[in-house]
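K.L.:
below: sequence and its predicted model.
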Amino acid sequence: MWVTAAVPVVAMGLLQSACSRRWAINADTPQESSAKSYAAQTTLELSPSQLKSIKIEAVGSYLFPVEKEAVGSIDYDEDLSVQVFPAYQGTIIQVLGELGAQVQKDQPLYTIKSPDLIQAESTLIGAAATFQLTSKELARVQGLGGVAEREKEQAASDQQTAEGALKAARDAVRVFGKTDAEIDQMIASRKIDPALVVRSPITGKITAKNAQPGFLVQPGNLPAPYSVADVRIKWMLANVMESEIPLFHLGQPVQVRVISYPDRVFRGKVSKIYETVDPNTHRVTIRSEIADPDDELHSGMLANFVIRVHDPVEATAIPANGVVRESDGTMTAWVTTDRHRFVQKIIKTGLRKDDRVQILEGLHRGELVVTDGAVFLSNMLEAPPTD
């Protein structure tokens, strides 16, 4: 009985001795030690019931798009946005457009009382009266007999001069946006209309309004009373690391997502790469033009964009559920040759897209690998379940 009991003790001693020698040999480097430790404990044999908890597939390939992501914000396209100033100084009389309203080209936005317009209209009324008087004098002289030729010529000259002055006065008032019908009415009534109408130069949306009755406005004096933008195109402004600048080029396709529409993808292209690099963040701004025909994107929205910086790459890949991140950060996968015994392998991963992970090292195409339930196998190493 003593000899029988001593056999397991001796065997255990031999096993411990062998393990001690093995770890002493494998203690060259931390990387080699980590790899050997997985090799010592990576084989698992599953029962038929346990096999039902996993899926096995052959390692295949996947076409990975090479993309870069960044976070930025939405803004109006400044190239399609116009600040609507009056052509002349004046005081706002009436505001006609509301913030956010859609307007058509030449639609009135506001009116001002302009001293320049009043002066031009006064000159017009005076020129019209002079022309009317000289025309009557010319008709009278021409209808009289025995009038000297010199007097007739003088009357004709005066009438032509008055006609030219009237034409110039009409053109001066027309510059302020008055129509010929309005000018004719002004001449007939001999009443000045001091209201200068300021119209939208483009079709678009009112994106800013600073106009209020009584405000004095001048050409080019900020803030503009109104801003109108064509909102069918938006800007997406994002910052990327300066080290990534060589990856971006004008015209690259862009996909944009915003929190307001999580299931929507807005598409556009890179339109400008700014020259200046922020000295604090070492990032550069990239501007993209995004199509927004229904005006769903709003200025200031936080957005995430994806830019395809290279042609897609075909690479070895497995489903994401077949990759396990261990506690030390190592990436592993489980392979099998007989669908019964499984070996854990250390792998190196790359790109990720559509629930597929690129395998850079550790697996080869055609190998059988666990594609669902890999975590279940890794957990068995620490606490083997009972069948």
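P.N.:
Yep, that arrived.
K.L.:
let me know the average pLDDT across stretch 160-167.
P.N.:
Stretch 160-167 shows a mean pLDDT of 93 in the predicted model.
K.L.:
check the offset of that stretch from the chain's centre.
P.N.:
How far stretch 160-167 lies from its chain's middle: 57 Å, per CA atoms, centre = their mean, to the nearest Å.
K.L.:
mind listing what's buried in that stretch?
P.N.:
Using 16 or more other CB atoms under 10 Å as the test for burial, stretch 160-167 gives A162, A165, L166. (C-beta placed from N, C-alpha, C; glycine too.)
K.L.:
roughly how far apart are G220 and G97?
P.N.:
Summarising the geometry, the distance separating G220 from G97, computed by CB to CB, to the nearest Å, is 20 Å.
K.L.:
out of those two, which sits in the more crowded spot?
P.N.:
Remark: of G220 and G97, G97 carries more neighbours, 21 against 8, as counted by other CB atoms under 10 Å.
K.L.:
quick check: the more buried one touching A208?
P.N.:
No. In this structure, G97 is not within contact of A208 by CB atoms under 8 Å, at 10.8 Å.
K.L.:
list residues touching both of these two?
P.N.:
Where contact means CB atoms under 8 Å, 6 or more residues apart in numbering, the residues bridging G97 and A208 through contact with each are Y226.
K.L.:
host element of the residue nearest to Q102 when sequence neighbours are not counted?
P.N.:
Distances taken as CB to CB, 6 or more residues apart in numbering place K205 nearest to Q102, at 5.6 Å, with adjacent residues excluded. With secondary structure defined by DSSP states H and E, K205 is part of strand 204-209.
K.L.:
just checking, what packs against that strand?
P.N.:
The helices and strands touching strand 204-209, judged by 3 or more CB pairs under 8 Å, 6 or more residues apart in numbering; DSSP states H and E, are strand 81-84, strand 102-103, strand 226-229.
K.L.:
now do the helices in the stretch 151-300 of the chain.
P.N.:
Per DSSP state H, counting those that start in this stretch, the stretch 151-300 of the chain carries helices over the ranges 180-189.
K.L.:
where do the strands sit along it?
P.N.:
Secondary structure of the stretch 151-300 of the chain, counting by DSSP state E, counting those that start in this stretch: strands at 195-199, 204-209, 216-217, 226-229, 233-241, 253-258, 261-277, 283-291.
K.L.:
strands paired with the fifth one, and their directions?
P.N.:
The reference is to strand 233-241. With DSSP bridges as the test, strand 233-241 is paired with strand 60-76 (antiparallel), strand 283-291 (antiparallel).
K.L.:
in it, what's buried?
P.N.:
Of the residues in strand 233-241, I233, K234, W235, M236, L237, A238, N239, V240 count as buried by neighbour count, 16+ other CB under 10 Å.
K.L.:
close enough to count as contact, the third one and L80?
P.N.:
No. Counting by CB under 8 Å, L80 is not a contact partner of W235; they are 9.5 Å apart.
K.L.:
want to try TSV for the buried residues of stretch 160-167, with distance to H282 as columns?
P.N.:
Below are the buried residues of stretch 160-167 laid out as TSV (distance: CB to CB, whole Å):
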residue	distance to H282
A162	72
A165	67
L166	67
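K.L.:
R174: which of those residues is nearest?
P.N.:
Comparing those against R174 with CB to CB picks out L166 as the nearest, at 12.4 Å.
K.L.:
so in this protein, where's the weakest helix or strand by average pLDDT?
P.N.:
Every helix and strand of the chain was ranked by mean pLDDT, DSSP states H and E. The lowest is helix 2-25, at a mean of 33.
K.L.:
from A70, how far off is the residue nearest the centre of the chain?
P.N.:
Among the residues of the chain, M236 comes closest to the average C-alpha position under CA atoms, centre = their mean, at 2.2 Å. Separation of M236 from A70 (CB to CB) stands at 9 Å.
K.L.:
now list whatever residues contact both of these two.
P.N.:
Shared between the contact lists of M236 and A70 (criterion: CB under 8 Å, 6+ apart) are residues F305.
K.L.:
check contacts around the residue lying closest to E244 once chain neighbours are set aside.
P.N.:
Of all residues not flanking E244 in the chain, K68 sits nearest, at 6.3 Å (CB to CB, 6+ apart). For K68, the set of contacting residues under the criterion of CB under 8 Å, 6+ apart consists of V240, E244, L247, F248, V306, I307, V309.
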